[in-house]
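J.: next one to model:
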Amino acid sequence: MKTARTTMKNVLKYPIFLFFIKIFKILGYLYLKNSKRLEAVEFYQKSLKFDPNDFETWIEYASLQEHYDIKISLEAYEKALEVINQRRNDKNEQILNKMEEIKPELLNNIGVLKMKMEKFEESQTSLQKALEICTKSEEPRIENGFCKVNNYYYYFFFFFFFFLP
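T.: A predicted model of the protein is given here:
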């Protein structure tokens, strides 16, 4: 693993081309897997600077930031959602499917972070949108707090029911 990180860092010394941008993401992932979160944050930030339309990196970065700053984490999850909404007309069907599969989880994470920030009405809105996606899918199933969408299970916080009028 150390050799892979060293090799990737050496490659970054050369002029940056589009395919090098992914190296930042890979380095972020490698540092994260080696429990070096601060270094991972640094490389995810670099990756996003050069490719701000990579929704997967926004999600990884947001998840990582939950350990440090929930406001930054929330902003990153919201940016990921914004990118997904902007890419609705993507021609790649595999990417479209992936974006739709992760959208309920993304909305759930946004709702939970807003709840932690005591923004209860905003939290409720996000959580309700996530639940709506689950119940509108081709095979909606909600069992024991989990929602199954396209063979993926998502756990939803149903606290928002307490805030309903």
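J.: which SSE is immediately downstream of the helix or strand K103 falls within?
T.: Counting by DSSP states H and E, the secondary-structure element that holds K103 is helix 93-116. Following helix 93-116 in sequence order, the next helix or strand is helix 120-136 (DSSP H and E).
J.: that following helix vs helix 93-116, what angle?
T.: With axes from the mean of the first three to the mean of the last three C-alpha atoms, to 10 degrees as the basis, helix 120-136 and helix 93-116 are set at 150 degrees to each other.
J.: which phi and psi values does the residue nearest to the spatial centre of the chain adopt?
T.: Closest residue to the average C-alpha location of the chain: I59 at 2.0 Å, with C-alpha atoms, centre = their mean. Reported as degrees, to the nearest 10, the phi and psi values for I59 are phi -70, psi -40.
J.: secondary structure element for the closest residue to it other than its chain neighbours?
T.: Nearest residue to I59 in three dimensions, chain neighbours excluded: A80, at 4.9 Å (C-beta to C-beta, 6 or more residues apart in numbering). Just so you know, the C-beta spots here come from the backbone N, C-alpha and C atoms, and that holds for glycine as well. Following DSSP H and E, the helix or strand that holds A80 is helix 70-86.
J.: A strand includes N89, no?
T.: No - in this structure, N89 is coil, not part of a strand, as judged by DSSP: H, G, I helix; E, B strand; the rest coil.
J.: quick check: mean pLDDT of stretch 55-67?
T.: Along stretch 55-67, the predicted confidence averages to a pLDDT of 93.
J.: how far away from the center of its chain is that stretch?
T.: The gap between where stretch 55-67 is centred and where its chain is centred comes out at 5 Å by C-alpha atoms, centre = their mean, to the nearest Å.
J.: flag every buried residue along that stretch.
T.: Of the residues in stretch 55-67, those buried by neighbour count under the rule 16 or more other C-beta atoms under 10 Å are F55, T57, W58, I59, E60, Y61, A62, L64, Q65, E66.
J.: could those residues be laid out in JSON lines, adding secondary structure?
T.: What follows is these, written out as JSON lines (three-state DSSP):
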{"residue": "F55", "secondary structure": "helix"}
{"residue": "T57", "secondary structure": "helix"}
{"residue": "W58", "secondary structure": "helix"}
{"residue": "I59", "secondary structure": "helix"}
{"residue": "E60", "secondary structure": "helix"}
{"residue": "Y61", "secondary structure": "helix"}
{"residue": "A62", "secondary structure": "helix"}
{"residue": "L64", "secondary structure": "helix"}
{"residue": "Q65", "secondary structure": "helix"}
{"residue": "E66", "secondary structure": "coil"}
